[in-house]
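Q: okay, predicted coordinates and the sequence, questions at the end:
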Amino acid sequence: MKELLRTNDPTVIAYAQALLEGEDIDCFQMDVHMSVLEGSIGVLPRRLMVADRDHFRASAVLRDNDIDLGI
């Protein structure tokens, strides 16, 4: 698994996941439940991970849709 996207904005994560699903690229969201540690203030970023083999194609999909990869 490789990190594709890192952001504090949950709407960007949701949009990126929808785009990747539309291209049949499996992705996994990490650090979703970190709000328990931070107190739900959104300080810790969430990460979107993809398989190594899909990383190049997934990066291209997000760049084509003007999503800053944030890494």
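A: Alright, I've got the coordinates.
Q: what's the mean pLDDT across stretch 50-67?
A: On average, the pLDDT along stretch 50-67 is 95.
Q: is it true that residue 62 lies in a helix?
A: Yes. Assigned with DSSP: H, G, I helix; E, B strand; the rest coil, residue 62 falls within a helix.
Q: show me the contacts for the residue nearest to it when sequence neighbours are not counted.
A: Computed as C-beta to C-beta, 6 or more residues apart in numbering, the closest residue to residue 62 that is not its neighbour in sequence is residue 16, at 5.8 Å. For glycine as for every other residue, the C-beta is placed from the backbone atoms N, C-alpha and C. Going by C-beta atoms under 8 Å, 6 or more residues apart in numbering, residue 16 touches 4, 5, 27, 48, 62, 67.
Q: the longest helix anywhere in the chain - what's its average pLDDT?
A: Counting residues, the longest helix found in the chain (DSSP state H) is helix 10-22. Averaged over helix 10-22, pLDDT sits at 94.
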